[in-house]
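Visitor: Prediction below, plus the sequence it came from.
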Amino acid sequence: MLRISILLVCFFSLSLNAQNNAIGPGEKLTYTASYNMSGILTDLAQVTMETSAVKTSKTSLLRLKCTATTYSKWDSFFKIRDLYESYVSPKTLTPYLYNRDINEGSYYKNMKYTFSHKTKTVKTIQKKKRNWVEKKTVSIGSGTKDIISTLYSLRTFDMTNLTKGTSKIFTILFDREEVKGKVTYLGKDTISTAIGNKVCYKLAIEAVNSNTVNGTLWLTADENKIPVYGKFKIPVGNGELKIKSATGLRH
Amino acid sequence: MKKLFTTLAILASILAIILSVLPVSNLAVIPAIAALIFGLIAFYLSKKTGHIKKIIQFTFLLTIMALIIITYKAIFTETEVSSTKGLEATETKLEEEALEELEGLEIDEIEIDETELEDIPFEE
């Protein structure tokens, strides 16, 4: 009985607070992605997460944009210029349009999703080098989002009263396939970052039914809930994402 | 034993010099320190027998060169992003295309919150 009541309290606290109160337009977060082997850090790339307001004749939307750019010392070895963007509802972060444009070394791919939530379908267009185009329509479940809006959605949940170990399952549309991810709340933690010492909510992120993604994310325990630090396991060593600067925060 | 440490010192110093010229020059510290340790052991063992091979001194030279390159790069190489013009052009192009497409879309406020919630025991 106690278990069920805890479950219900958690469920309602999460579902009631799925409205976006943390993310506004004009926010820019800059990160350094690095590789950590036995405590020796090697900086690989700069990652930015930006939001901006987009107005159409009918409505206004929020553009969530993430870019990954390798530092100049890597450019002659392996140049990465990746862009991910999602056009979402400012209130609920429901995605309407998603673009993924990746330039990694000599590899190029562009993926576009146009969401139709009424019909629960997504029109996809995949482009590769030499004008290779493939169009496909895929069916999605009612909770499915793209990876960028899912990442931002983590910030919309109220975590003040969560108990350690509470987890939430997300469905992400990635490479035209629905992938289930699990986020588990691991409690509060104080860490030192480039923007000061921050009390954070520590979250474990993993892919359900697969060990390919396994990481930990620290979100500031304030109203903005910005991700300040991320740690991802790779076969040798760790990948790290550290915040460098944060501007235009809503609160 | 002497041969083993000499070989290890050679291998570690070569690895250190290769890593030091790559962008992962920071990581060259590990084989450089290993090369110094192996080189010193090989040097000590050789001294006991009275014959010091030139190759051991050569590994020291390689290791010192690697350490100089690592230090130089750590001090003078700035981690900065350059040439993002292509990316900026893509951003503008995609935004223009997206705006055009969004104009034609029927956007209604549907709240997505059908995600499942589980309560699983916390494991550290």
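Guide: On my side now, so go ahead. It should be emphasised that the depicted structure is a prediction, and the values quoted were computed from it without experimental measurement. Numbers count the residues shown, from 1 in each chain, chains lettered A, B, ... in the order given.

Visitor: can you count the residues close to the residue of chain A at minimum distance from chain B?
Guide: Using C-beta to the nearest C-beta, the point where chain A gets nearest to chain B is A:Gly165, with a distance of 3.0 Å. From N, CA and C alone the C-beta is placed, and that goes for glycine too. A:Gly165 has 17 neighbouring residues, counting by other C-beta atoms under 10 Å in any protein chain shown.

Visitor: got it, and A:Gly230?
Guide: If you count neighbours by other C-beta under 10 Å, A:Gly230 ends up with 20.

Visitor: Surely it is in a strand?
Guide: Yes - read with DSSP: H, G, I helix; E, B strand; the rest coil, A:Gly230 is one of the residues of a strand.

Visitor: So what pairs up with it in the strands?
Guide: Under the criterion DSSP bridges, A:Gly230 forms beta bridges with A:Leu217, A:Leu241.

Visitor: Would you agree it is in contact with A:Leu241?
Guide: Yes - contact criterion C-beta atoms under 8 Å: A:Gly230 and A:Leu241 qualify, at 3.7 Å.

Visitor: Next one, pLDDT for the residue of chain A closest to chain B please.
Guide: The predicted structure scores A:Gly165 at 90 on the pLDDT scale.

Visitor: now do B:Glu95
Guide: According to the predicted model, the pLDDT of B:Glu95 comes to 89.

Visitor: Over to B:Glu103?
Guide: Looking at B:Glu103, its pLDDT stands at 85.

Visitor: wait, is it part of a helix?
Guide: Yes - inclusion of B:Glu103 in a helix is indicated when three-state DSSP is applied.

Visitor: Tell me who's in contact with it.
Guide: A:Thr56, A:Ser57, A:Lys58 (C-beta atoms under 8 Å, 6 or more residues apart in numbering or on different chains).

Visitor: For these, pick the one with the most neighbours.
Guide: When neighbours are taken as other C-beta under 10 Å, the top entry among the contacts of B:Glu103 is A:Thr56 (18 neighbours).

Visitor: so, if you compare the contacts of B:Glu103, which one comes nearest to B:Ile10?
Guide: Sorting the contacts of B:Glu103 by how near they are to B:Ile10, with C-beta to C-beta, puts A:Thr56 at the top with 66.2 Å.

Visitor: Are stretch B:15-25 and chain A in contact anywhere?
Guide: Yes - using C-beta under 8 Å from any C-beta of the partner chain, stretch B:15-25 reaches chain A at B:Leu22, B:Pro23, B:Val24.

Visitor: I'd guessed the second one sits against A:Phe77; true?
Guide: Yes - under the criterion of C-beta under 8 Å, B:Pro23 is in contact with A:Phe77, at a separation of 6.2 Å.

Visitor: So between the two, which is more surrounded?
Guide: Each of B:Pro23 and A:Phe77 has its neighbours counted (other C-beta under 10 Å); B:Pro23 has more, 22 against 11.

Visitor: mind pulling up the phi and psi values for that one?
Guide: The main-chain torsion angles of B:Pro23 are listed as degrees, to the nearest 10 and equal phi -60, psi -20.

Visitor: how about it, what does it touch?
Guide: By C-beta under 8 Å, 6+ apart, the residues touching B:Pro23 are A:Thr42, A:Tyr71, A:Lys73, A:Trp74, A:Phe77.
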